[in-house]
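Peer 1: Make a model of this:
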Amino acid sequence: MLLFDGAMGTMKQAGLDTRSIHRAYIQAGSQVVTTDTFMANRLSTSDVEGENTRALEAARETNVLVAGDLGPTIATSKDYPLSCFHDLYREQAKALKGVDFWLVETVVDLEVARAAVRACLEVDPDVPVLVSMIPSIAPEKAVQAFDGFPLSALGYNCGSGPLQSASSLSRLASLSPFPLIWEPSAGLPEQGRYPFDCQEWAKAVRSVLAHTPVAYVGGCCGTTPAYIQALAYCTFSRNPPILEPNPYIVLEEDSMGKTKKSNFNVFEIMFGIMWLAMGLEGIGQGNGGQSIGRFYASIGKWFGKAGDSMVTILGVLILVSAVIYLVQKFVPAVPAQLTKAAMVFMVIVWAVTVLCCLIFDIGHLDGFADFLAMVENLFINLLILSATISFCGESVTK
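Peer 2: This is a model prediction of the structure:
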């Protein structure tokens, strides 16, 4: 199995140049780099030869295997005759002549892909052709479309993450006469963040590779050198060679979406400490007149003698949830279901807190000053509830 690189566009959005990106992926463990020529055809650029030639030169400087990227076009077979696509892919392939693989990737139209394969084979029939489709293309249609073609691999890339394309890949494995290529994305971004971090993505990919015979594997949208490094480590059971200090292996969240040094955020840590205090207060039966204290005082008042035991139990549960919340900020290995359960519990507790404090305040109103204090406390509690929902939501999706 050969390890390809990850996304090029994701890295370029962080302001890195093509050569630095190639170097970072190689240091992360990639055995094959892909030319920066996604959609570099005449429908998207007026300088086909120049863009493809420069990209090939940059990739060749790495001294590893190079895959010539012939991505999709902005049109489909319904817009132009197939001869048009054949000509534009042949033009691009000529500019990329000298690569070790032809990579016809992110296929959305099988007829256009067939034209691309024919064009590549005309330019250099000795170079292996790898075809990678979007996961929504049925394996049955793909196998039928490329029947008789001398492909070296057929598979999938992009999509909404490793697990989304796993079923299609498995079905393709049982139907296709070709080896498999698979380059899943890190999921669909939400507010600029990808749902799979590098460790989660690598584990998900490895779980699929354990029962699916893939010949070529890499990453697509949202993946970075950190993802490839994680995959190289957990799949190939080795540390990738580090040729020199590499600032791009692990990047901060703000510049690279989900890939980052840690989940540390000072406000989130303060929030977790607040929950620790609330849990300890419950265990100690504290009710010093603050909003959290009124919550416990309300329970004690409403449930009588049983209230003390309920407060202690609730304090323990809150304390445990707070510990889980803080630990998962630094230890990604905390089970997702455990983290989610703790976060949901915290949201429910604070929602009940808001209600208890409101009822408590209404029962102790004694003039306009108390009314203003109640409104102030309600506003503060609602802000904390909003922060609870926000921080907990972040923790569940990270």
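Peer 1: Does residue 212 touch residue 173 like I think?
Peer 2: Yes - Residue 212 lies in contact with residue 173 (Cβ atoms under 8 Å); the separation is 5.5 Å. C-betas here are computed from N, CA, C, even on glycine.
Peer 1: Doesn't residue 105 belong to a strand?
Peer 2: Yes - the assignment for residue 105 is a strand, going by DSSP: H, G, I helix; E, B strand; the rest coil.
Peer 1: Quick one: residues contacting it.
Peer 2: 38, 69-72, 130-132, 157, 183 (Cβ atoms under 8 Å, 6 or more residues apart in numbering).
Peer 1: What pLDDT is listed against it?
Peer 2: In this prediction, residue 105 carries a pLDDT score of 97.
Peer 1: Ignoring the adjacent residues along the chain, who's closest to it?
Peer 2: Once flanking residues are discounted, residue 105 sits nearest to residue 132: 4.4 Å by Cβ to Cβ, 6 or more residues apart in numbering.
Peer 1: so that neighbour, which of the three states?
Peer 2: Three-state call for residue 132 (three-state DSSP): strand.
Peer 1: now, among the contacts of residue 105, which is nearest to residue 48?
Peer 2: The nearest member of the contacts of residue 105 to residue 48, counting by Cβ to Cβ, is residue 70 at 11.4 Å.
Peer 1: Against residue 152, how distant is the closest one?
Peer 2: Residue 70 sits 14 Å away from residue 152, going by Cβ to Cβ, to the nearest Å.
Peer 1: more crowded one of the two?
Peer 2: Legend: neighbour count by other Cβ atoms under 10 Å for residue 70 and residue 152, higher for residue 70 (32 against 16).
Peer 1: So what pairs up with the more buried one in the strands?
Peer 2: Under DSSP bridges, the beta-bridge partners of residue 70 are residue 104.
Peer 1: Touching, it and residue 37? I think so.
Peer 2: Yes - with contacts counted by Cβ under 8 Å, residue 70 reaches residue 37, the gap being 7.2 Å.
Peer 1: which residues are common contacts for these two?
Peer 2: Jointly contacting residue 70 and residue 37 under the rule Cβ under 8 Å, 6+ apart are 92, 96.
Peer 1: If I look at the residue nearest to residue 105, what pLDDT would I see?
Peer 2: Each residue has a pLDDT score; the one for residue 132 is 97.
Peer 1: what's the answer for residue 321, then?
Peer 2: pLDDT at residue 321 comes out at 74.
Peer 1: How many residues are close by the residue lying closest to it once chain neighbours are set aside?
Peer 2: Leaving aside its chain neighbours, residue 321 sits nearest to residue 342 (4.1 Å; criterion: Cβ to Cβ, 6+ apart). Residue 342 has 24 neighbours, counted by other Cβ under 10 Å.
Peer 1: which secondary structure element contains residue 342?
Peer 2: helix 336-362 (DSSP states H and E).
Peer 1: next one: residue 366
Peer 2: Per DSSP H and E, there is no helix or strand for residue 366.
Peer 1: Tell me how many other residues surround it.
Peer 2: Residue 366 has 7 neighbours, counted by other Cβ under 10 Å.
Peer 1: Can you find the helix or strand in the chain with the smallest mean pLDDT?
Peer 2: Sorting the helices and strands of the chain by mean pLDDT, DSSP states H and E puts helix 253-256 at the bottom, at a mean of 38.
Peer 1: wait, isn't residue 202 in contact with residue 230?
Peer 2: Yes - with contact defined as Cβ under 8 Å, residue 202 counts as touching residue 230 (3.7 Å).
Peer 1: next one: phi and psi at residue 214?
Peer 2: With angles defined as degrees, to the nearest 10, residue 214 sits at phi -90, psi 130.
Peer 1: Quick check: the gap between it and residue 373.
Peer 2: For residue 214, the distance to residue 373 - Cβ to Cβ - is 64 Å.
Peer 1: Those two - which one has more neighbours?
Peer 2: Using other Cβ under 10 Å as the criterion, residue 214 and residue 373 rank with residue 214 on top: 20 against 14.
Peer 1: Look up the residues forming beta bridges with that one.
Peer 2: For residue 214, the beta-bridge assignment (DSSP bridges) gives partners residue 180.
Peer 1: That one: what's it in contact with?
Peer 2: Residue 214 makes contacts with 1, 155, 169, 180-182, 208, as judged by Cβ under 8 Å, 6+ apart.
Peer 1: Could you rerun that using 10 Å?
Peer 2: 1-2, 153, 155, 169, 173, 179-183, 205, 208, 235 (Cβ atoms under 10 Å, 6 or more residues apart in numbering).
Peer 1: Can you tell me which of those residues are buried?
Peer 2: Those of the contacts of residue 214 that meet the buried threshold are 2, 153, 155, 169, 173, 179-183, 205, 208, 235, by 16 or more other Cβ atoms under 10 Å.
Peer 1: Could you dump these into a markdown table and include pLDDT, secondary structure and distance to residue 196?
Peer 2: Shown next, in a markdown table, are these (pLDDT from 0 to 100; DSSP: H, G, I helix; E, B strand; the rest coil; distance: Cβ to Cβ, whole Å):
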| residue | pLDDT | secondary structure | distance to residue 196 |
| --- | --- | --- | --- |
| 2 | 95 | strand | 22 |
| 153 | 98 | strand | 23 |
| 155 | 97 | strand | 19 |
| 169 | 95 | helix | 16 |
| 173 | 96 | helix | 22 |
| 179 | 97 | coil | 25 |
| 180 | 97 | strand | 20 |
| 181 | 97 | strand | 19 |
| 182 | 97 | strand | 15 |
| 183 | 97 | strand | 14 |
| 205 | 94 | helix | 9 |
| 208 | 93 | helix | 13 |
| 235 | 79 | helix | 15 |
